[in-house]
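K.L.:
coordinates only, sequence not included:
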């Protein structure tokens, strides 16, 4: 067994009954934190894998009557942060992202309006393969980011008959 640390984002701040429900549902390895009005549940969970720790923690929270909105991650980043993390200038990264320099194939932004946000996990993988950059993201960060995307997608599709077919993609 290994110890895995991660933070889940809850849909509501637990009151005294909510704290009890979380504890009784198996979240006795977590601490509630309120940051900027958002309820966070900081876990240190013993499990054979990070994936198992994440899945069981989410199930425990839901059994306690809470909705998990996501997993806290630093995966969504603007080009300035990418430049800092890669040790490159902003202009260099902007030119890579717009295919005006480099091999092309830079990961597409996950947002298009205003400031473009990119998945750091995807950019780090791309930069390792195409720029001989050192591996800047590890398996932990990738699993956390992927779990966050899955949870958010699941929440978008929940309780909507018109989108029910799309939810099959989560298990495809």
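P.N.:
Right, received. Where do you want to start? On a predicted model such as this, the values are computed, not experimentally measured, just so you know. Residues are numbered from 1 along each chain as shown.
K.L.:
how about the helices in the protein?
P.N.:
Shown for the chain, the helices assigned by DSSP state H span residues 16-24, 50-63, 79-86, 90-97, 120-130, 139-157.
K.L.:
packing partners of the second one?
P.N.:
Contact partners of helix 50-63 among helices and strands, from 3 or more CB pairs under 8 Å, 6 or more residues apart in numbering; DSSP states H and E: strand 2-10, strand 38-47, strand 68-71, helix 139-157. The way it works is simple: take the backbone N, C-alpha and C, and place the C-beta from them, glycine included.
K.L.:
what do you get for the fifth one?
P.N.:
If you count contacts as 3+ CB pairs under 8 Å, 6+ apart, helix 120-130 packs onto strand 76-77, helix 79-86, helix 139-157.
K.L.:
closest one to residue 129 among these?
P.N.:
helix 79-86 (13.2 Å; CB to CB).
K.L.:
please point out which parts of the closest one sit buried.
P.N.:
For helix 79-86, burial by neighbour count (16 or more other CB atoms under 10 Å) applies to 79, 81, 82, 83, 85, 86.
K.L.:
repeat that for stretch 96-113.
P.N.:
In stretch 96-113, counting by 16+ other CB under 10 Å, buried: 96, 97, 102, 106, 107, 109.
K.L.:
mind checking the end-to-end distance for that stretch?
P.N.:
End-to-end distance for stretch 96-113: 19 Å, by CA to CA, to the nearest Å.
K.L.:
if we look at that stretch, which residues are touching it?
P.N.:
76, 79, 92, 95, 116-119, 122-123, 126, 130-131 (CB atoms under 8 Å, 6 or more residues apart in numbering).
K.L.:
just the residues you listed now: which is nearest residue 43?
P.N.:
The nearest one, if we look at those relative to residue 43 and count by CB to CB, is residue 76, at 21.0 Å.
K.L.:
leaving out sequence neighbours, find the closest residue to that closest one.
P.N.:
residue 117 (4.6 Å; CB to CB, 6 or more residues apart in numbering).
K.L.:
pretty sure residue 128 contacts residue 122?
P.N.:
No. Using CB atoms under 8 Å, residue 128 is not in contact with residue 122, being 10.9 Å away.
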